[in-house]
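> Could you look at this predicted model? Sequence included:
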Amino acid sequence: MELSEKDEIRQRVDLVEFISRYTALKRSGRTFKGLCPFHNEKTASFTVDPDRGSWHCWGGCSTGGDIFAFVMKAESLTFPEAAERLASIAGVTLTYKGGQDPSEAARQRDEKERLYSANAEATRFFRNFLGKAKLAQDYIKERGLAHETLENFQVGYAPDEWSALSRYLQGRGVSMDDAEQAGLNFPSRRIQGEFTDKFRGRLIFPIIDVQERVVAFGGRIIPNPDLPPDTNVGPKYLNSPETPVFSKSRILYGLNRARKAISDADRVLVVEGYMDVIAAHQAGIENVVATLGTSLTDEHIRILGRYTKNILLSFDSDEAGVRAALRAAELFTAHGPEFALRILAMPEGDDPDSMLRRGNIAGFRKAMDSARGVPEFRIDGLKRHFDLTDEQGRMNYLREAVPILAEVRSSLELDLLVRRLAPQHPSFGSGTRAEASILAEVQRWRSQRPGSTSPQSEDVLTPTPPRPRYERGAGTGNGGGSSGGWQKNNNNSGWQQRSRYNQPPPRPEAPLAPPTSAIEKAERAVLRGLLTDEWRPLVLRELDRAAQALACLPSELLAHPQAQRLVDALYPLLSGRVSLQRALDQLADQELAFFASNYTISTSGDAPLSEQALRDCIHELVLKHPPQNIRLIQEKLAGGISLTNEEMMDLTAWTRAKKRVGEASP
């Protein structure tokens, strides 16, 4: 695109008139003002300056630009797409750079314009026939399609005749070569020089791009009740072939009507069929699009990403639909973590169209709001392969589910999934034993991937201890007396169940690697003190004092990421005089609970806790782990980079604070 063409478009397209299609503008001096079309507001903060050819939002968007920038933002178009749209409005012919011969570029543009024109004429033909065909009218009535819906989506009908469309196009001056290239007809096999229509006896769905151009068609066969049921009438759905203006991997049906609703809701629902889209829009759920007889592609995902990163999928509930959903999940994962993908759980045999046709709009909205994450969808999909009324079936189901859980990185999501699986565990109902056992198996699976030379993990159904109660006094668990429960071994090697049922004790959790450095030993001692009734008040007091002196959070004094998370989770509870056991019980994160259990059991390498030892350990943390801003300053110093006055003041303040902490330690 030449600079002169860009300037010519700016001159020919009235900026105020164009933007007025999106928001009402009122003159204010030499500029125009209105509500910003890109965010909700009550006070006008959007201005248009026609003299400069620019617009700007002074409110929440805090952005602006020329007419090209406006079209790109308003329509979520790329610059080439915006340029093509504006050039069409302005009547400007664009030239493209990149070494292409100008005459070839002109030929391709002319070819595309002829195909767009042929498709537009075909659309008028199909729409005109819709009202004349009783078969089509009966079908529309059966599907509950309103007149407004038919108009919005330009639905039409292709008569069941061999060459009706071809004759019409010839009468409108469309060459048969262009019609054939557009996928509207093909040379007749019976009569030389004649053409046969591609779409016959079908309800027609024009496929429209985001620039409101008809690029292709989809046709659904309408069964003729006068013909035998087994009459060969072709495939149920038939799409246009790929053409210079149509590629299935780059077009989403309904996006031209859904894009604003998608941006407003910051969410899109991707379905499988034309009727699913139309039924949803008719029901007032407009952020819905469909693929065109193909799986989601990388290009589809890039297009959706212009409007939202929150994706809902609604595929058939059969095996093919499940596979399609999982393939789509892999694609979205490959595009990065910014996409949030969820999958609708439709009732068996239902799809959006059938559900909405029954008038169950509230149920469909609820299904959208309660859509499942990919791991949950996969786990639920396993159920159809196992008999969950049988104990062996439940065991096999759990074994298949554990590898899926092992892929979940979010602790919160993992905890929710484990709770959903827990009712299938034989220990369900015995406190948190079922959840702890499943989580333990997940942790072992992560460390023993298939193909590992490590010994295979124990069965997922092997009972593991519930979260122990950490009360003072050696050898006393939470069972009380001799009625069973769990107790600490006298040799400090772990927890075992009392012998009420003469059960063998389960395998204890694998301990953390023993600390080797002074700082690791100091962190372990501080956490042991925090999780011990006798020393907890001292540790809380000293951590508070050190954190206040260094202007940081208590958890920032620790280096181990899980140690930081544990302190962040427990600190508010323990500081509020909540008992240790109650604080641990309130941990939603099972991984943190198991992490904490490693610090309630002394090992042979642990030194005895004392007031002096704990003060020294906290002082060690202060000396070795300055806050993040101080670490950055120290790195600059080490690299010979000059510090600003503010950085010098921060470093001096931290040095003095560190000295105060050290002086306070006896």
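Everything's here; your move.

> gap between residue 244 and residue 424?
Separation of residue 244 from residue 424 (CB to CB, to the nearest Å): 55 Å. The C-beta positions use only the backbone N, C-alpha and C, and glycine is treated the same way.

> In terms of neighbours, single out the busier of these two.
The neighbour comparison of residue 244 against residue 424 (other CB atoms under 10 Å) goes to residue 424, with 20 against 13.

> List the contacts of that one.
388, 394, 397, 398 (CB atoms under 8 Å, 6 or more residues apart in numbering).

> Going by neighbour count, which of these are buried?
The neighbour count (16 or more other CB atoms under 10 Å) marks 394, 397, 398 as buried among these.

> Double-check residue 609 against residue 528; I have them as touching.
Yes: the pair residue 609 / residue 528 is scored as a contact, 6.3 Å apart, by CB atoms under 8 Å.

> and for the two, which residues touch both?
Any residue near both residue 609 and residue 528 by CB under 8 Å, 6+ apart counts here, and that gives residue 535.

> Can you pick out the residue with more neighbours from these two?
Each of residue 609 and residue 528 has its neighbours counted (other CB under 10 Å); residue 528 has more, 22 against 19.

> Please identify which helix or strand holds the more buried one.
Assigned by DSSP states H and E, residue 528 belongs to helix 518-530.

> Now do the helix or strand that comes right after that helix: which elements does it pack against?
Once the chain leaves helix 518-530, the next helix or strand it forms, by DSSP H and E, is helix 536-550. Packing partners of helix 536-550 (3 or more CB pairs under 8 Å, 6 or more residues apart in numbering; DSSP states H and E): helix 518-530, helix 561-575, helix 611-624, helix 645-664.

> CA atoms only: put helix 536-550 into PDB for me.
Extracted in PDB, the C-alpha atoms of helix 536-550 (Å, rounded to 0.1, in the frame of the first residue of the first chain):
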ATOM      1  CA  ARG A 536       5.300 -20.400  67.400                       C
ATOM      2  CA  PRO A 537       4.700 -17.100  69.400                       C
ATOM      3  CA  LEU A 538       8.500 -16.400  69.400                       C
ATOM      4  CA  VAL A 539       8.800 -17.100  65.700                       C
ATOM      5  CA  LEU A 540       5.700 -14.900  64.900                       C
ATOM      6  CA  ARG A 541       7.100 -12.100  67.000                       C
ATOM      7  CA  GLU A 542      10.600 -12.200  65.500                       C
ATOM      8  CA  LEU A 543       9.400 -12.500  61.900                       C
ATOM      9  CA  ASP A 544       7.100  -9.600  62.400                       C
ATOM     10  CA  ARG A 545       9.900  -7.400  63.800                       C
ATOM     11  CA  ALA A 546      12.300  -8.300  61.000                       C
ATOM     12  CA  ALA A 547       9.700  -7.800  58.300                       C
ATOM     13  CA  GLN A 548       8.700  -4.400  59.700                       C
ATOM     14  CA  ALA A 549      12.300  -3.300  59.900                       C
ATOM     15  CA  LEU A 550      13.000  -4.300  56.300                       C
END
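
> May I see the buried residues of that helix?
536, 538, 539, 540, 542, 543, 546, 547, 549, 550.

> Identify, from those residues, the entry nearest to residue 203.
Minimum distance to residue 203 across the buried residues of helix 536-550 is 69.2 Å, recorded for residue 547 (CB to CB).

> Surely that closest one touches residue 557?
Yes: applying CB under 8 Å as the test, residue 547 and residue 557 come out as touching, 6.7 Å apart.

> List of residues touching the helix or strand where residue 259 lies?
Using DSSP H and E, residue 259 maps to helix 255-265. The contact list for helix 255-265 (CB under 8 Å, 6+ apart) reads 75-76, 152-153, 208-210, 212, 268, 277, 281, 286-289, 303, 307-308.

> Tell me which residues touch residue 609, please.
525, 528, 529, 532, 534, 535.

> Please apply the same query to residue 543.
526, 530, 554, 557, 618.

> Output those as JSON lines; include the columns pLDDT and neighbour count.
Below are the contacts of residue 543 laid out as JSON lines (pLDDT from 0 to 100; neighbours: other CB atoms under 10 Å):
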{"residue": "526", "pLDDT": "89", "neighbour count": "27"}
{"residue": "530", "pLDDT": "85", "neighbour count": "24"}
{"residue": "554", "pLDDT": "81", "neighbour count": "25"}
{"residue": "557", "pLDDT": "82", "neighbour count": "25"}
{"residue": "618", "pLDDT": "84", "neighbour count": "25"}
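
> quick one: which of those is nearest residue 138?
For the contacts of residue 543, the residue nearest residue 138 by CB to CB is residue 554; the value is 73.1 Å.

> thought that closest one was touching residue 547?
Yes: because the distance of 4.6 Å satisfies CB under 8 Å, residue 554 is recorded as touching residue 547.

> close enough to count as contact, residue 617 and residue 525?
Yes: at 4.5 Å, residue 617 counts as touching residue 525 under the criterion of CB under 8 Å.

> Correct me if wrong, but residue 157 is in a helix.
No: judged by DSSP: H, G, I helix; E, B strand; the rest coil, residue 157 forms no part of a helix; its state is strand.

> just checking, it touches residue 199?
No: in this structure, residue 157 is not within contact of residue 199 by CB under 8 Å, at 9.4 Å.

> Give me the common contacts of those two.
Residues touching both residue 157 and residue 199 (CB under 8 Å, 6+ apart) are residue 126.

> Can you list phi and psi of residue 63 for me?
Main-chain dihedrals, residue 63, degrees, to the nearest 10: phi -150, psi 170.

> any idea how far the closest residue to it other than its chain neighbours is from residue 48?
Leaving aside its sequence neighbours, residue 63 sits nearest to residue 57 (CB to CB, 6 or more residues apart in numbering; 5.8 Å). Distance, residue 57 to residue 48, by CB to CB: 10 Å.

> Which one's more surrounded, those two?
The residue with more neighbours, out of residue 57 and residue 48, is residue 48; 25 against 19, by other CB under 10 Å.

> Confirm that one sits in a helix?
No: per three-state DSSP, residue 48 lies outside any helix segment and is strand.

> Okay, and the beta partners of it?
Counting by DSSP bridges, residue 48 forms beta bridges with residue 32, residue 55.

> list the contacts for it?
Listed by CB under 8 Å, 6+ apart, the contact partners of residue 48 are 15, 16, 19, 25, 31, 32, 33, 34, 54, 55.

> Tell me how far it lies from residue 32.
Applying CB to CB to residue 48 and residue 32 gives a distance of 4 Å.

> okay, and the common contacts of the two?
Taking CB under 8 Å, 6+ apart as the contact rule, residue 48 and residue 32 both touch 16, 25.

> Now do the same for residue 623: its pLDDT.
At residue 623, the pLDDT value in this model is 74.

> Same check on residue 663?
For residue 663, the model assigns a pLDDT of 47.

> same question, residue 412
The confidence metric pLDDT takes the value 78 at residue 412.

> Count the residues that sit near it.
Based on other CB under 10 Å, the number of other residues close to residue 412 is 10.

> measure stretch 146-163 end to end?
29 Å (CA to CA, to the nearest Å).

> Please consider this matter closed, and thank you.
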